[in-house]
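Chemist: What follows is a predicted protein model with its sequence.
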Amino acid sequence: MNESAATGPLASPLPSVEDKVSLQPAKASKVNLMAVLMAVIAMCSVQLGAALSAPVMETYGSVSTTWLRLCIAALLLAVVVRPSVMRYTWQHWIAATGLGAAMACMTFCFFAAIAHVPLGLAVAIEFLGPLCVAAVGLRKGWGLLWPVLAATGIVLIARQNGDWTADTLGLTLAAGAALGWAGYILLMKRVGGLFKGTEGLSTALIVAALLATPFGLMESGGHVPLEQLFYVSVLALLVPLAPYVLELNALRRMTTSAFGILMSLEPAIGVLAGFLILQQSMSGLQCLGTLLVIGASVGALRSPGKTR
């Protein structure tokens, strides 16, 4: 073979090491940006849905409203995805059941909590879940500064006029939501790796709806007004359906620790939604706390420290 043939178009050489190095950062940046965008849209959808849910839950009850929300979301996603449930192994079912239980816990506790405490405070306490996930995942060094900064902001958001704006029941429910959220992040990552597409999410939502059914029936007495069904059908798109789909895809593109830190934006979004939609006032310290959690998110995402 002559030299000209070896370098012709039919024998293109493999990219050099330098070429691979120069191309890799651009691809990683694009993937990370998409993951961040999906996570932020998901957070906005959750807080908008939570704020708009307040009058519906006050009229019909938080438990039955949350139950219907899960049932409708599970039904809509199952119709679209059509999960192959008969082909799943025990490994698939254990992961999907765990995620469904975490979803049910997080959703029930959160929506019950906002009936007792301001939206921003409920989200701030709930954020302790992803904050713990982020703190465990970050290595030693400057990366640990961001969870501390976010926690400081959360404390400021949780206080107003020198007092804690919560009762014991509200605090307990918000803490339960935090526990569910931490499990949700870890298990969503697991489910995203086991199942193809959104089949795992669809199966987990079905499990969550089934677990919620006894509680929903107890509060509603088996009677669901058509007006409640209509309102909840719309709200179910905002939360949980759209956020769960977006978060599943975001977690496929980023680590659980990075995702957990990014969630520190949610208390700030919750405070803003409570202020704009529910007319829940914000003090100067709460505004400062909002800036701190935003700064923690930005800092953590730009930090070069290793995560897992």
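Modeler: Happy to help now that I have it. Numbers count the residues shown, from 1 in each chain.
Chemist: all helices of this protein, in order?
Modeler: For the chain, applying DSSP state H gives helices covering 3-6, 17-60, 62-81, 90-113, 119-126, 128-137, 145-157, 168-194, 199-220, 226-236, 242-251, 256-262, 265-277, 284-302.
Chemist: Could you single out the most deeply buried of these?
Modeler: Counting by mean count of other Cβ atoms under 10 Å, helix 119-126 has the highest mean neighbour count of the helices of the chain, with a mean of 29. To be clear about C-beta, it is placed using only N, CA and C from the backbone, and glycine gets the same treatment.
Chemist: That one relative to helix 265-277, how many degrees between them?
Modeler: With axes from the mean of the first three to the mean of the last three Cα atoms, to 10 degrees applied, the angle from helix 119-126 to helix 265-277 works out at 170 degrees.
Chemist: which other residues reach helix 119-126?
Modeler: 47, 50-51, 54, 106, 110, 113-114, 117, 154, 157-158, 165-166, 170-171, 173-175, 177-178, 181, 266-267, 269-275, 278, 280, 282, 286, 289 (Cβ atoms under 8 Å, 6 or more residues apart in numbering).
Chemist: got the CA positions of that helix in CSV?
Modeler: Below are the C-alpha coordinates for helix 119-126, written out as CSV (Å, rounded to 0.1, in the frame of the first residue of the first chain):
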residue,chain,number,x,y,z
LEU,A,119,-44.8,27.3,51.7
GLY,A,120,-41.3,28.7,51.8
LEU,A,121,-40.7,27.3,55.3
ALA,A,122,-42.1,23.9,54.3
VAL,A,123,-39.7,23.7,51.3
ALA,A,124,-36.8,24.9,53.4
ILE,A,125,-37.2,22.1,55.9
GLU,A,126,-37.9,19.6,53.2
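Chemist: Could you measure from residue 182 over to residue 280?
Modeler: Going from residue 182 to residue 280 by Cβ to Cβ, to the nearest Å gives 26 Å.
Chemist: swap in residue 73?
Modeler: 26 Å.
Chemist: Next, the distance between the ends of stretch 156-174.
Modeler: 17 Å (Cα to Cα, to the nearest Å).
Chemist: now stretch 195-207: mean pLDDT?
Modeler: The pLDDT scores in stretch 195-207 average 95.
Chemist: now swap in stretch 221-231 and tell me
Modeler: 92.
Chemist: first vs last residue of that stretch, how far apart are they?
Modeler: 19 Å.
Chemist: what's next to it, contact-wise?
Modeler: Taking Cβ under 8 Å, 6+ apart as the rule, stretch 221-231 contacts 56, 59, 60, 64, 65, 68.
Chemist: Report the two of these separated the most.
Modeler: Longest distance between any two of the contacts of stretch 221-231 is 12.9 Å, between 59 and 68; criterion Cβ to Cβ.
Chemist: what about the stretch 1-150 of the chain, any weak spots by pLDDT?
Modeler: Within the stretch 1-150 of the chain, the stretches with pLDDT under 70 are 1-31, 137-143.
Chemist: and the gap between the residue lying closest to residue 78 once chain neighbours are set aside and residue 46?
Modeler: Among residues not flanking residue 78 along the chain, residue 202 sits closest, at 5.3 Å (Cβ to Cβ, 6 or more residues apart in numbering). Residue 202 sits at a distance of 19 Å from residue 46 (criterion: Cβ to Cβ).
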